[in-house]
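> dropping a prediction and its sequence here:
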Amino acid sequence: MVKNAVEAVEHVDVLVVGAGISGVGAAYHLKTQCPDKSFVVLEALETFGGTWWVHKYPGVRSDSDLFTFGYRFKPWRGNPLATADEILKYMGDVIEENDLDKHIRYQHRITALSWSTDHRRWTVTVQRSTDDGDTEEVTYTANFVWMCQGYYRHAKGYTPEWEGFADFKGEVIHPQTWPDDVDLTGKRVVVIGSGATAATLIPAIAYDCEHVTMLQRSPTFFFVRPNTNELADTLRSLDIPEEWTHEIVRRKIFQDQDMITKLSVEQPELVRAGLLEQIRPLLPEGFDIDKHFNPSYRPWQQRIAVLPDGDLFKAVRAGKASVVTDHIERFTETGILLKSGRALEADVIITATGFDLSPLGDLPLEVDGERVDPADTVTYRGIMFTGIPNMAYVFGYFRASWTLRADLIGDFVCRLLHHMDDRGATMVTAALRDEEADMTLGPWVDPENFNPGYLTRSLHLMPKQGDRDPWRLLHEYNVEREVLPAADFEDGTLQFK
């Protein structure tokens, strides 16, 4: 039940959407870099954490090292790959240590955003949950909106349409909506998918189930590494201050990631061979690695999942998990019939099939009374969009930790806000210059560069990018950490009023 709108309207200088890793970071940057700005963080869920709160499936963990997935301003003191609970604890410490909680409003779900040029402000319509279980409509206004709500739909994961899906008599679970009461003990389980979610989930459940089968249409690349960082351990043994250790280890990781990324483009077969050789001794003798773990695409055209200590392969070697590479013909009452004719019997089928992109949170967006479709805009540095004033959007890296870009965008937005104040401007909008009017436009991400399924099936929903700076979305931290701090706000691509 929705109660009548509350009359009082709260106005802030900056309204942050979402209290996940990006939103909490944005709050920190605003407090430390723009202490004179009032701000609020609106979060639809009952607590902070975003992805790390939503996902409850067994084994849920990071697939990026926490030295770079953690904020640059908050040293990470644990193992490189962390559980969701450890990440939530880390974020909670950031909130507490910086007194950010007073700025966050939980259970505030935004339903519409409307910009008025005449009033130079956003009006944000919100449904707020009340203590008695109802909701009431409240309104916020803001000079600037910072979109930190992530890039996929939290409420429901992506599930393909399979013939006979309703015929299956067992239980079907999507990891994104994992039930609290599921018991897989002694069950025959088929996990559809081979990305980071499947690779995380399978080792966590394999030893309780009768057997787990990972069913994939095509292989995925994996990194195998111990869940330790030798350099960090060495520096800690020397009693180097944590802040120094954090920064030194981050720089070493940047260097290594940049080298692997370049090699993946320049010598992809060399990287392919290295990735396959690292897993060969971890699998049973005679295992068909080429069929099951040698993708058709080059390394880093899709994200490479990290397996701490090769835990997925250990489950395969122990006989508790197996891999099937085939296509689904249809679901049956007792499992899945494959195109090869093979039948997979199952008590439970887990659809680790990914998610759907959610450009700007799928929120109804109006500028001066006109509905705006993000797909009709062109991105400015992957942060702002043509025709949408006073708004920034956080979209992280594909090949490196999301938070690296969130921190860079934090600096960028705060610098932009100061620039507007210095200029006496109350409005900033990205706009193509005359010489860019006929610029060739392409998709948000070039599929030749990066092409996982969740991205390719949703690119038509995302803003376009141009063929030159600053209208491109750059993908590499080592490039953007130089480019974004030096971005010229007065080159004519940003219009101030």
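Looks like it came in fine.

> from here on, just use CA atoms for contacts and neighbour counts.
Noted.

> quick check: domain ranges of the protein?
Following automatic domain parsing, the chain resolves into domains at 2-154+356-496, 165-351.

> tabulate the ones you listed (CSV), appending mean neighbour count and mean pLDDT.
Below are the domains of the chain laid out as CSV (neighbours: other Cα atoms under 10 Å; pLDDT from 0 to 100):
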stretch, mean neighbour count, mean pLDDT
domain 2-154+356-496, 18, 93
domain 165-351, 17, 94
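
> following the helix or strand containing Tyr454, which helix or strand shows up next?
Using DSSP states H and E, Tyr454 maps to helix 453-456. Using DSSP H and E, the helix or strand that directly follows helix 453-456 along the chain is helix 477-483.

> contacts for that next one, please.
Helix 477-483 is contacted from outside by Phe254, Asp258, Tyr397, Ala400, Leu404, Arg405, Leu408, Leu474, using Cα atoms under 8 Å, 6 or more residues apart in numbering.

> restricted to strands, list those residues.
Members of those lying in strands (criterion: DSSP state E): none.

> greatest separation within those residues: which pair is it?
The two members of the contacts of helix 477-483 with the most space between them (Cα to Cα) are Asp258 and Leu408, at 17.3 Å.

> just checking, Leu344 touches Thr332?
No: with contact defined as Cα atoms under 8 Å, Leu344 does not reach Thr332; the gap is 9.4 Å.

> residues touching the helix holding Tyr454, excluding its own?
Gly354, Phe355, Asp356, Leu357, Pro447.

> check the offset of the top helix by length along the chain from the chain's centre.
Longest helix of the chain, by residue count under DSSP state H: helix 242-266. Centroid separation between helix 242-266 and its chain, computed with Cα atoms, centre = their mean, to the nearest Å, is 20 Å.

> likewise for stretch 486-497?
28 Å.

> that one: end-to-end distance?
22 Å (Cα to Cα, to the nearest Å).

> can you list the contacts of helix 477-483 in TSV and add distance to Met91?
Listed next are the contacts of helix 477-483 as TSV, based on distance: Cα to Cα, whole Å:
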residue	distance to Met91
Phe254	22
Asp258	27
Tyr397	20
Ala400	19
Leu404	15
Arg405	17
Leu408	18
Leu474	27
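
> can you tell me, leaving aside adjacent residues, what's nearest to Leu432?
Thr493 (6.1 Å; Cα to Cα, 6 or more residues apart in numbering).

> return the residues in contact with that neighbour.
Thr493 sits in contact with Ala430, Ala431, Leu432, Arg433, Pro470, where contact means Cα under 8 Å, 6+ apart.

> which of those fall in strands?
Short answer: the contacts of Thr493 in strands (DSSP E) are Ala430.

> now, among the contacts of Thr493, which is nearest to Ser322?
Nearest member of these to Ser322, counting by Cα to Cα, is Pro470, at 46.9 Å.

> list the beta-bridge partners for Ile192.
On the basis of DSSP bridges, Ile192 is bridged to Leu215, Thr351.

> pretty sure it is touching Gly354, no?
No: at 10.0 Å, Ile192 does not count as touching Gly354 under the criterion of Cα under 8 Å.

> one step back: need the contacts of helix 453-456 in a markdown table (columns: distance to Ala487).
Shown next, in a markdown table, are the contacts of helix 453-456 (distance: Cα to Cα, whole Å):
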| residue | distance to Ala487 |
| --- | --- |
| Gly354 | 35 |
| Phe355 | 33 |
| Asp356 | 32 |
| Leu357 | 28 |
| Pro447 | 26 |
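
> pick out whichever of those sits closest to Asp36.
Leu357 (34.6 Å).

> quick check: chain neighbours aside, which residue is closest to the closest one?
Tyr152 (4.2 Å).

> now for that neighbour: which residues touch it?
Phe355, Asp356, Leu357, Ser358, Pro359, Gly361.

> what does it show for phi and psi?
Note on Tyr152: its backbone torsions stand at phi -140, psi 160 [degrees, to the nearest 10].

> how close does it sit to Ser358?
5 Å.

> go on, Leu263?
Taking Cα to Cα, one finds Leu263 at 32 Å from Ser358.

> can you list the helices and strands that the lengthiest strand in the chain packs against?
Longest strand in the chain, counting residues (DSSP E): strand 135-147. Strand 135-147 sits against strand 2-3, strand 9-17, strand 121-129, strand 391-393, with contacts defined as 3 or more Cα pairs under 8 Å, 6 or more residues apart in numbering; DSSP states H and E.

> on contacts alone, who are the packing partners of the third one?
This means strand 121-129. By 3+ Cα pairs under 8 Å, 6+ apart, strand 121-129 packs against strand 108-116, strand 135-147.

> ok, residues contacting it?
Everything outside strand 121-129 that qualifies as a contact, by Cα under 8 Å, 6+ apart, is 2, 107-116, 135-145.

> can you tell me the strand partners of that strand and which way each runs?
Here strand 121-129 has these sheet partners by DSSP bridges: strand 108-116 (antiparallel), strand 135-147 (antiparallel).

> next: the last one.
Strand 391-393 has these partner strands in its sheet, going by DSSP bridges: strand 135-147 (parallel).

> can you give me the angle the partner strand makes with strand 9-17?
50 degrees (axes from the mean of the first three to the mean of the last three Cα atoms, to 10 degrees).

> chain center to strand 135-147: distance?
For strand 135-147, the distance to the chain centre is 23 Å (Cα atoms, centre = their mean).

> paired strands for the helix or strand that comes right after it, with orientation please.
Remark: after strand 135-147, the chain's next helix or strand is strand 171-173, criterion DSSP H and E. Its sheet considered, strand 171-173 pairs with strand 348-351 (parallel) by DSSP bridges.

> quick one: contacts of the strand it pairs with?
So strand 348-351 is in contact with 159, 170-175, 184, 187-193, 335, going by Cα under 8 Å, 6+ apart.

> which two among the residues you listed are spaced furthest apart?
Top of the distance list for the contacts of strand 348-351 (Cα to Cα): Thr159 and Lys187, 22.0 Å.

> still on that earlier bit, can you redo the helices and strands packed on strand 121-129 as a markdown table with distance to Leu81?
A markdown table is the format used below for those (distance: least, Cα to Cα, whole Å):
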| stretch | distance to Leu81 |
| --- | --- |
| strand 108-116 | 31 |
| strand 135-147 | 27 |
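
> relative to Lys74, which of those strands is closest?
The nearest among the helices and strands packed on strand 121-129, by Cα to Cα, is strand 135-147 at 21.6 Å.

> identify the residues contacting that closest one?
Against strand 135-147 from outside (Cα under 8 Å, 6+ apart): 1-18, 23, 120-130, 360, 390-394, 426.

> do you have the strands of the stretch 201-350 of the chain handy? List them.
For the stretch 201-350 of the chain, the strands defined by DSSP state E, counting those that start in this stretch occupy 211-216, 222-225, 305-308, 321-325, 328-331, 335-338, 343-345, 348-351.

> tell me the spacing between His11 and Val17.
15 Å.

> same question, Met259
For Met259, the distance to Val17 - Cα to Cα - is 35 Å.
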